[in-house]
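Engineer: here you go, sequence then predicted model.
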Amino acid sequence: MIEGVEVRDLQVNADERGHLVEVFREDWDLYDPEPAMSYYSLSYPGIIRAWHRHTRGQVDHFVCPSGRIKVGIYDERDDSPTADELNTFVIGEHDQQAVRIPGDCWHGFKVVGDEQAMLLNFPTTLYDYKDPDEERLPYDTNRIPLDWEEEPHG
């Protein structure tokens, strides 16, 4: 696993009314440093939101409470022991997990399956509308060895 990436299984407490899932607790090591804000995005089936990274120390924490997404993380940090490593995770309502992403690694996600998906993020810095901490690459860049449009196989 890429240095700094962590995955936490989230407990689903289900009964005949539905379910409840805790997604953030200050006593979890996963959220270190603690988030400064939270937001969600809703994406339609097949949508790819990649690639981007943060260069000022931000850490992201992805949770997918509805639908299903494939998260891609690529380590292009020169000083990292896991440089050039790629991690992917399929998370969502079928497998509730929180993924800690070092912001200086390239990351993004694709909605998989035939339903829209909701991504909940807990970044550790506030978004600066005037000077965003964000670098972007096209989703189909040759710099990262992940083909978002590759057909599932198995």
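Structural biologist: Done, it's in. Numbers count the residues shown, from 1 in each chain.
Engineer: what segments of the protein are strands?
Structural biologist: 6-9, 12-15, 18-21, 39-43, 48-53, 59-66, 68-74, 86-92, 97-102, 106-111, 117-121, 135-136 (DSSP state E).
Engineer: nearest to S80, of those strands?
Structural biologist: strand 97-102 (8.7 Å; CB to CB). Just so you know, the C-beta spots here come from the backbone N, C-alpha and C atoms, and that holds for glycine as well.
Engineer: what's the angle between that closest one and strand 117-121?
Structural biologist: Between strand 97-102 and strand 117-121, the angle comes out at 50 degrees (axes from the mean of the first three to the mean of the last three CA atoms, to 10 degrees).
Engineer: using PDB, write out every CA atom in strand 97-102.
Structural biologist: The C-alpha trace of strand 97-102 is given here as PDB (Å, rounded to 0.1, in the frame of the first residue of the first chain):
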ATOM      1  CA  GLN A  97     -14.800   2.000   4.000                       C
ATOM      2  CA  ALA A  98     -13.000   5.300   4.600                       C
ATOM      3  CA  VAL A  99      -9.800   5.800   2.500                       C
ATOM      4  CA  ARG A 100      -7.100   8.200   3.700                       C
ATOM      5  CA  ILE A 101      -5.300   9.800   0.800                       C
ATOM      6  CA  PRO A 102      -2.100  11.800   1.100                       C
END
